[in-house]
Structure formats: C-alpha cells, structure tokens
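Novice: Sequence and predicted model, in that order:
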Amino acid sequence: MNAPIDMVILPLEQAMILPTDVGLWEDELIWVKSRERDYPLDQAVPLVTFSPKCTYPEAAINCLNEHSIDYYVSMQSPSLSGVRDIVSSGMGVTLINRGLMTEDQCEWPEAKEFGVPIKVKFVVRTTGRIPQSLYSLVLEELKDFFPNKP
C-alpha cells in the first residue's frame, strides 16, 4: 500500500506556487547538452525529460514551442541521475538546475536564443494533515539547512 505524502519540497515556476507554499530558495533552469554533441536549431532537437509528473518537462516543452523549435522526446527518466546519464551519452538536451550539470556536459549554446533562463522556486508544500508543531519544526530545520540559498 502506498502511504500518502503529506509534505514535499518542489521546484516550481512562479505561476504554480500556491499561497500556502513556503519558499526556500530560487534557482535557474538551464539547457544542457553533452560536450561531445551539437544540436542545431534547424533540425529536430532530441529532448531528454524527467517523468511527466515533474514540472521540468512542461517548462522545456513550453519553451521550445514558444520559440517554434521542432523537437521530439528522445528519452524520459524519473531520476536526476538517469536524465544526466542520458544527456551525457549524447542522446539529447535537457532543462535542469544550473548546479546539476556534470563535468562532461555544457550549456547548450543554441539556447541563448531563448532569452532569460527560466527561474524556479523551491517550496515546501503540505497537505495540512500533519500537526502544526511538526510542520513548524520541519520548516525551521529546512531553513537552517539551506542558509546560503537566496
């Protein structure tokens, strides 16, 4: 049996944040590719995404559609390590947090045409089913854990 999730940390674009969410820090999403491959914009771009339940695929697809870039989803993975490994192997580009790029990856230069990077805010979201005292304690610990984040 699956237990319900009562509290989660989510990276969300501003439009998806609820008034009850508590912000922790902000980050930029950047387009990343393998250092070994190029993906010109005059060809269909292979897109590597997280699972559909993550907000990043939607942000990536919206960005590509907004700029009329032809693309196809080459691979999906539910995990960060999976997405990074797929991109490192040269199977496409992805949209991830700036600090998560590996040494064998680089920013996708063609993405500079897209303008300002997408910003996400990491927030704590709760169902309201946990006691307020526990919720307050967890928030206090989380804010102490991420003291250097903006």
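Specialist: Sure thing, it's come through.
Novice: ok, how many other residues are close to Leu18?
Specialist: 8 (other CB atoms under 10 Å). The way it works is simple: take the backbone N, C-alpha and C, and place the C-beta from them, glycine included.
Novice: the helices in the chain, which residues?
Specialist: 55-66, 80-88, 132-145 (DSSP state H).
Novice: Tabulate those helices (TSV), appending distance to Trp31, mean pLDDT and mean neighbour count.
Specialist: Converted to TSV, the helices of the chain look like this (distance: least, CB to CB, whole Å; pLDDT from 0 to 100; neighbours: other CB atoms under 10 Å):
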stretch	distance to Trp31	mean pLDDT	mean neighbour count
helix 55-66	8	89	16
helix 80-88	10	95	18
helix 132-145	29	83	12
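Novice: Those: which one's closest to Val32?
Specialist: helix 80-88 (5.9 Å; CB to CB).
Novice: Point out where this structure drops to low pLDDT.
Specialist: Residue ranges of the chain with pLDDT under 70: 1, 146-150.
Novice: Where do the strands of it begin and end?
Specialist: 7-12, 22-34, 45-50, 71-77, 94-97, 105-107, 118-126 (DSSP state E).
Novice: quick one on the thing from earlier: for Asp42, find the nearest of the helices of the chain.
Specialist: Of all those, it is helix 55-66 that lies closest to Asp42, at 13.9 Å by CB to CB.
Novice: quick revisit: return the most buried member of the strands of the chain.
Specialist: strand 94-97 (a mean of 24; mean count of other CB atoms under 10 Å).
Novice: Which residues are in contact with the residue of the chain positioned farthest from its centre?
Specialist: With distances taken as CA atoms, centre = their mean, the residue sitting farthest from the centre of the chain turns out to be Ser133, at 30.3 Å. Neighbour list for Ser133: empty [criterion: CB atoms under 8 Å, 6 or more residues apart in numbering].
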